[in-house]
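[1] Sequence first, then the predicted structure:
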Amino acid sequence: MTKTLYDKLVDAHKVCDLPDGDMLIYVDFHIMNEYTSPQAFSGMESKGLKVWRPEAHLSVVDHVNATRSVEAPDAQSKLLIDNLEKNCITHEIAFYGLGDLRQGIEHVIVPEQGLVVPGMLIACGDSHTTTYGAFGALGFGIGTSEVEHVLATQTLRYKRMKTMRVTIEGETTLGVTAKDIIMKVVQVVGAGGANGFAVEFAGSAIRALGMAGRMTVCNMAVELGARAALIAADEITEAALKDHPHSGQFVFKGESWASDPESVFDEEFTISGTNIEPLITWGTSPDQSISITANVPSALDYVSPKAKMALERSLQYMGLTEGQSAQSIKIDTAFIGSCTNSRIEDLREAAKILEGRQVAKGVEAIVVPGSAMTRMKAEAEGLRGIFEAAGFEWRPEAGCSMCLAMNDDIAMDGERVASSTNRNFEGRQGRGARTHLMSPAMVAAAAVTGHLVDVRNFR
Amino acid sequence: MKEKHMNKTIKGIAAPLSLANIDTDVIMPKRFLITITREGLADGTFADLRFDSTGEKRPEFILNKAPWAQATILVVGDNFGCGSSREHAVWGMRQLGINACIGTSFAGIFYDNARKNGLALPIVSHEIRDTLLQFARNASSAEISIELDSQTITAGEISASFKMDDATRTSLIEGRDDTLDTLKYAGAIYDFETRLGNKMRISVIK
Ligand code: SF4
């Protein structure tokens, strides 16, 4: 019988069926951060439970920490950070705190440390855990009660999802990145279009991506509602698994972590890679995107009154007029960072645009490398110099920073941000803040011109 | 496990919240997440919709108006609860007194979080949802009743069935603790680990 990659992963981790229709699945590896784990530890302790397998967990500080220095931005944030460290000491769990050279955004440091390999099942109290699908591993986000469940049992209650395959066939053109590919998918399938599905990405445009690009694609799959995103492991994956701190721990048995040929999926989408252009979001949902050469939609583009109303609300929040051209949108801030686009490959792409150029007057430009290791690598390659010479502020510490603005990097009411992040929700980067999602190279280009602009004009 | 099967009915005033893609940042803005407890989240729930930047109630927001300020049920737009995994969103809604949200689709993590905290999420068709939105908008008729066992929603003359998977329904009715329940299968978990051997057995370097 043919099996999809998703079904292979679920079957390989199934502990047993439960009488109510759920199953128990085994979690190989579990990651925690400082803000979705405290109540899981206290919940477990109040029930008198112990951690099932302490070596299978890792905690990292990334959401609330300041990135200007190793200090916590305020007393409350410090409490969260100290609380995580205390919990990890009590329960003998690895803790990568501030100042640790292994610290950084969870989804950036896990691959960096060699903690994800094909065939694994990884859970984390964070929705972007889909990132690990890039390695042919099953990664998904969980809530705090489930964090408690994994800590105490090393398993989760699970229900098999439906499967969807998104095939992107055909080489992308110059200036089009993994970010544009996934933004296109979100636009086509829709926010919530993959609720209840595990999505596998396939096709020549996906195969052509390196691991960083594949991670960007799987990272943002949650913006479709996908609880899991997958890309079959291949020789590119294998090459990326060598020489990391944890690599020696895994034995490869030559299993094929790919869907069998002729596998049947519950839903299929096919998108032409060749036709994808650099994209930007204009609205307050990740599927509200247009090509950089296009215009913001107008009410005439919609038929239903509901859609017209939704458009009006988004435009009002975003401070845009219907039909205005994407490239006429002026920005206040440029932000490069987040688990979607803060890896060394992303910084290199942005630096190519910035080399020999200057950030436009009045634009505040910030770059926050995704991990301490990424920062050091970038500094060794001379990227820091390029960013700083262009007028970008180079942050010395890694973290989520302005992706969700839980630290002191908060955009003001009405402030317009060109952002390499993954969510443009109302208030995401600060109350009243206006977010435009795009690739890191497009953020760099916007920083230089002071408005959204086609990065292809820069090459 | 509790053997007693309760016939759980959720009844109350329903408020319409028709916007699509209401995400967990909107349900619980990040400034309320700097906490190590589950308590004190009622004020944070829908904070930017309920209050303006000076902390004054926005009179035009549905949950600030009579009778919907007393709502225990929400009728919501598509893809409710998308975005961040924060369970704080569900804790806050429960603390605000919300017992159920009726919608057409919910984000996966939000759905699971809801089940763990006794928040029922009946799924209905777009047509039924729109009818219920209309019903809830009428201040004099806004009471809805949701019967979990028979999976029916009653609103005035309207009677409709809803979807909810068995495990979630059982869990809501019994109000069980999933962690303690799973530990009854400790033997099966040990067996699995034995079968697994050293495969995928990582030991994170401290
Ligand atoms: S970078 Fe943003 S999306 Fe990624 S884990 Fe941090 S807050 Fe979440």
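    Arrived safely.

[2] give me the low-pLDDT residue ranges for chain B?
    Applying pLDDT under 70 to chain B flags the ranges B:1-7, B:200.

[3] show me what contacts the residue in it that chain A sits nearest to?
    Closest to chain A within chain B is B:Asn79: 3.0 Å, counting by CB to the nearest CB. C-beta: built from backbone N, CA, C; applies to glycine. The contact partners of B:Asn79, by CB atoms under 8 Å, 6 or more residues apart in numbering or on different chains, come to A:191-192, A:195, A:225, B:20-21, B:105-107.

[4] so what does the helix or strand containing A:Glu45 touch, helix or strand wise?
    Using DSSP states H and E, A:Glu45 falls within helix A:38-46. On a contact count with 3 or more CB pairs under 8 Å, 6 or more residues apart in numbering or on different chains; DSSP states H and E, helix A:38-46 meets helix A:75-91, helix A:144-153.

[5] same for the helix or strand just after the shortest one, what does it pack against?
    In other words, helix A:144-153. Going down the chain from helix A:144-153, the next helix or strand is strand A:155-158, by DSSP H and E. Counting contacts by 3+ CB pairs under 8 Å, 6+ apart, strand A:155-158 is packed against strand A:23-26, helix A:144-153, helix B:178-182.

[6] Quick check: which of these is buried the most?
    Ranked by mean neighbour count, the helices and strands packed on strand A:155-158 are led by helix A:144-153 with a mean of 26 (mean count of other CB atoms under 10 Å in any protein chain shown).

[7] which residues sit against stretch A:297-307?
    Counting by CB under 8 Å, 6+ apart, A:282, A:290, A:308, A:311-312, A:322-323, B:18 sit against stretch A:297-307.

[8] Looking at these, which are in helices?
    A:308, A:311-312 (DSSP state H).

[9] picking up where we left off before, out of the helices and strands packed on strand A:155-158, which gets nearest to B:Arg195?
    strand A:23-26 (9.8 Å; CB to CB).

[10] Partner strands of the closest one and their direction?
    strand A:14-17 (antiparallel), strand A:155-158 (antiparallel) (DSSP bridges).

[11] To A:Met1, which of the ones you listed lies closest?
    strand A:14-17 (15.9 Å).

[12] mean confidence score for that closest one?
    Computed over strand A:14-17, the mean pLDDT rounds to 98.

[13] For it, list every residue counted as buried.
    A:14-15 (16 or more other CB atoms under 10 Å in any protein chain shown).

[14] quick one: the strands in chain B?
    B:9-17, B:73-76, B:100-102, B:143-147, B:152-155, B:158-161 (DSSP state E).

[15] and the closest residue to chain B within chain A, which of the three is it?
    Evaluated by CB to the nearest CB, chain A has A:Gly192 as its residue closest to chain B, separated by 3.0 Å. Secondary structure state of A:Gly192, per DSSP: H, G, I helix; E, B strand; the rest coil, is coil.

[16] returning to that earlier point: ok, so of the contacts of stretch A:297-307, who is nearest the ligand?
    Using CB to the nearest ligand atom, A:Trp282 is the member of those that lies nearest the ligand, at 20.3 Å.
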